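Undergrad: can't give you the sequence, but here's the structure:
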């Protein structure tokens, strides 16, 4: 690292956020050094700042926040040929560290060995200078600002979600949660041709919702799911102990990311966070 200062936003623990001057990182093999132009604030950054953790990810050491960024290339590491100094790029913050089976399936985002900006133990992008894998930096055209470039990361989340949900012309969509990601999913779903979109949550007022959406702000949708032809209501938990059995009965879903369930009057009790990281999609098969 060079001796020049590098002003950064560091989280030390719950409620402890500091501005510090760190050494400027030098790019290594297949890396680029970036002067950061814009970095968005994600709710995960707020969690690390306020609680020192996000789900099962705990901060054990001080960490630079931020993973929604765009910057200008200032130095090239060995092996970088597709970028030049002066290029503005959007950053894909997470990438696999090993070429494992998920990479071969084209689902590298599910790899168990991932680098992710601002996820312990890795620093994030809220710095004047930041180093990242050049293969996950994408050149921005002149027509796209750096602020818009930073916005590509959360937008890609919504596009990926709508693709996984097979949103198409005429789809009817329910979005649970009216935060930024929920609203982005609403916009993407409408752009993909969804006929009706209902969004519910308590984080945004109804008059803030984009046009074309019905809102149920302040409401929480029931998890009760009944078979359309009737049936006895049950209380059978779905995907019981999924994490413990992921290498057992459900091992094939790790590759497919798909689980088809005939609800038949059952109650969906498992929280989506139990299988969010595996991208399990629950669908009702038709006969």
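TA: Ah, there it is. Since the model is a prediction, treat every value here as computed from it, not as a measurement.

Undergrad: list the buried ones in the longest helix seen in the chain?
TA: For the chain, the helix with the greatest residue count under DSSP state H is helix 146-164. By neighbour count on 16 or more other Cβ atoms under 10 Å, the buried set for helix 146-164 is 146, 149-153, 157-159, 161-162. In short, each C-beta sits where N, CA and C put it, glycine included.

Undergrad: for residue 119, state which of these is nearest.
TA: Checking the buried residues of helix 146-164 against residue 119 by Cβ to Cβ gives residue 153 as the nearest, at 13.3 Å.

Undergrad: any idea how far residue 77 is from the residue lying closest to that closest one once chain neighbours are set aside?
TA: Excluding the flanking residues, the one nearest residue 153 by Cβ to Cβ, 6 or more residues apart in numbering is residue 68, at 4.4 Å. Separation of residue 68 from residue 77 (Cβ to Cβ, to the nearest Å) stands at 23 Å.

Undergrad: cool, and residue 110?
TA: Computed as Cβ to Cβ, the residue 110 to residue 77 distance reads 27 Å.

Undergrad: what's the answer for residue 28, then?
TA: From residue 28 over to residue 77 the distance is 5 Å, taken as Cβ to Cβ.

Undergrad: between those two, which is the more surrounded one?
TA: Between residue 28 and residue 77, counted using other Cβ atoms under 10 Å, residue 77 has the larger neighbour count: 16 against 13.

Undergrad: what's the distance between that one and residue 83?
TA: Counting by Cβ to Cβ, the gap from residue 77 to residue 83 is 10 Å.

Undergrad: returning to what we had before: average pLDDT for the longest helix of the chain?
TA: Mean per-residue pLDDT for helix 146-164: 94.

Undergrad: now swap in stretch 52-63 and tell me
TA: Averaging pLDDT along stretch 52-63 gives 93.

Undergrad: residues making contact with it?
TA: The contact list for stretch 52-63 (Cβ atoms under 8 Å, 6 or more residues apart in numbering) reads 10-14, 44, 47-48, 118-124, 273.

Undergrad: change it to 7 Å
TA: 10-14, 44, 47-48, 118-121, 123-124 (Cβ atoms under 7 Å, 6 or more residues apart in numbering).

Undergrad: same check, this time on stretch 88-96
TA: 34, 37, 67, 69-73, 83, 103, 108-109, 111, 113-117, 125, 132-133, 136-140, 146, 149, 152-153.

Undergrad: rerun at 6 Å
TA: 67, 69-70, 72, 103, 108, 111, 114-117, 132-133, 136-140, 149, 152 (Cβ atoms under 6 Å, 6 or more residues apart in numbering).

Undergrad: beta partners for residue 23?
TA: With beta bridges defined as DSSP bridges, residue 23 has these partners: residue 5.

Undergrad: can you read off the pLDDT for it?
TA: Residue 23 carries a pLDDT value of 95.

Undergrad: what number of residues lie near it?
TA: When neighbours are counted by other Cβ under 10 Å, residue 23 comes out with 12.

Undergrad: any idea how far it is from residue 6?
TA: On the measure of Cβ to Cβ, residue 23 and residue 6 end up 6 Å apart.

Undergrad: phi, psi of the closest residue to residue 157 other than its chain neighbours?
TA: In space, residue 157 comes closest to residue 181 once its chain neighbours are excluded; the distance is 5.9 Å by Cβ to Cβ, 6+ apart. Phi and psi for residue 181, reported as degrees, to the nearest 10, are phi -70, psi -40.

Undergrad: check residue 145 too.
TA: phi -70, psi 170.

Undergrad: what's near enough to touch the closest residue to it other than its chain neighbours?
TA: Excluding the flanking residues, the one nearest residue 145 by Cβ to Cβ, 6+ apart is residue 38, at 8.0 Å. By Cβ under 6 Å, 6+ apart, residue 38 lies in contact with 70, 146-147, 150.
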